[in-house]
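Asks: this one's sequence-less:
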Ligand code: AOS
Ligand code: ZN
Ligand code: ZN
Ligand code: ZN
């Protein structure tokens with residue numbers, strides 16, 4: 001990029017009343033958490049392809065995540081999954097993260113892999129299995145206290161495959177009972193983020209099938225329980241940004257699991273398939289960040305932006321870099337929306353004027369802005385290229 005390109009871009013934005021210094025300040029505070037499971041070998045039910053460069057231990061996963069942060073300046077924390085990242089000392093794991101200059105983010109309990117959970121974990125009709133599941137949740141709260149994690153993210157595979165298989169209302173009660181116990185164990189600064197998904201692995205009914213069920217449960221549990229929106233967990237055509245706006249307005253949006261989907265919970269690279277949706281999600285968030293109600297602004301400030309992806313055929317570290325850059329790009333574009341212009345068009349009831357005011361921001365090429373920002377942050381202008389030619393890439397290539 002030449003200085004001339006940036007100067008031209010800046011001039012154009014200034015003419016629309018957009019101050020790029022303010023935009024850059026906001027961009028510098030964007031933080032996106034990467035998932036430890038995105039760095040290890042994962043796959044589909046058909047095959048897990050071995051990748052020689054994939055991280056093999058929680059320690060290596062943290063190191064890969066650090067490399068992504070070093071190159072992008074965007075990912076100072078990593079979410080972990082228990083027991084996938086089980087280790088003899090979480091104190092040691094925390095210190096390892098700290099020595100790398102990052103931190104351990106959300107703790108994700110795993111309640112879907114043990115034999116006992118075939119017919120449910122916290123909603124299993126067998127009380128002993130519910131006890132085991134709840135104990136695992138409590139274990140994860142304890143781990144979060146050691147790792148210094150604020151959030152415990154909950155996703156349940158619980159559900160049934162056939163009508164009559166389970167007592168739907170009893171299961172609803174068991175879920176609430178278990179989470180209430182976990183809720184009590186959290187320290188005051190901790191949060192429980194409740195994820196929902198409309199299907200899979202259960203196909204007839206899922207105990208937390210949509211945002212409304214997660215929202216209702218969070219409301220019943222208390223202010224430290226919030227909803228987690230995984231962008232891949234909705235039926236085709238669902239207006240995800242509407243859900244986002246609604247939950248922010250209710251002060252119950254805790255965070256995101258970002259990924260792309262085409263047909264199901266595909267967990268592909270975020271922004272790879274429908275970047276406009278991501279842009280529109282950020283439009284809602286940025287719009288709410290200027291709300292007159294301090295509780296709404298506070299909700300926006302605490303949103304956890306997390307990636308939840310599974311890289312089956314693509315190299316993992318490059319995939320993580322691509323993902324966070326895609327998020328950053330759409331965030332940058334959404335920051336170029338002239339909210340005043342949208343508001344005025346809304347007041348005039350000018351349907352297409354309002355639509356254009358939003359869309360035109362998406363149509364800008366923000367490359368000059370991103371490169372200028374990276375220059376200010378002392379980062380390489382193209383993090384992906386920088387990674388490919390790094391000694392780190394060479395080293396992980398020799399792992400397996
Ligand atoms: C599963 O569909 C959910 O998205 C979870 O967040 C899950 O824990 C994560 O995908 C890791 O498997
Ligand atoms: Zn998820
Ligand atoms: Zn997903
Ligand atoms: Zn998912």
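Replies: Perfect, thanks for sending it. For clarity, every value in this text was computed on a predicted model and none was experimentally measured. Ligands and ions are numbered 1, 2, ... in the order given.

Asks: strands of the stretch 251-400 of the chain, start to end?
Replies: Along the stretch 251-400 of the chain, the segments classed as strands by DSSP state E, counting those that start in this stretch run 253-258, 304-307.

Asks: mind checking which of the ones you listed is nearest residue 330?
Replies: Closest approach to residue 330 among the strands of the stretch 251-400 of the chain is made by strand 253-258 (10.0 Å; Cβ to Cβ). (C-beta placed from N, C-alpha, C; glycine too.)

Asks: give me every residue that touches the residue nearest the centre of the chain.
Replies: Per Cα atoms, centre = their mean, the C-alpha nearest to the average position across the chain is that of residue 306, at 2.3 Å. Residue 306 is in contact with 32, 33, 34, 35, 79, 105, 106, 153, 255, 256, 257, 258, counting by Cβ atoms under 8 Å, 6 or more residues apart in numbering.

Asks: who touches residue 341 in this structure?
Replies: residue 357.

Asks: let's see 10 Å
Replies: Residues near residue 341 by Cβ atoms under 10 Å, 6 or more residues apart in numbering: 16, 17, 353, 354, 356, 357, 358, 360, 361.

Asks: tell me, how many residues neighbour the closest residue to ligand 3 within the chain?
Replies: Minimum separation of the chain from ligand 3 (Cβ to the ion) falls at residue 232, amounting to 3.5 Å. Residues lying near residue 232 (other Cβ atoms under 10 Å) number 22.

Asks: so it touches residue 262, yeah?
Replies: Yes. At 9.4 Å, residue 232 counts as touching residue 262 under the criterion of Cβ atoms under 10 Å.

Asks: what is in contact with the two at once?
Replies: residue 268.

Asks: around ligand 1, pick out the residues from the chain.
Replies: Listed as neighbours of ligand 1 in the chain under the rule Cβ under 6 Å from any ligand atom: 37, 108, 155, 195, 197, 230, 257, 265, 308.

Asks: let's see that with 8 Å instead.
Replies: Residues of the chain lying close to ligand 1 by Cβ under 8 Å from any ligand atom are 35, 37, 42, 81, 108, 110, 112, 153, 155, 157, 195, 197, 200, 228, 230, 232-233, 257, 259, 265, 267, 308, 310.

Asks: shaky segments in this protein?
Replies: The model of the chain has pLDDT under 70 over residues 1.

Asks: mind doing that once more with 90?
Replies: By pLDDT under 90, the weakly predicted segments of the chain are 1-3, 41-53, 397-400.
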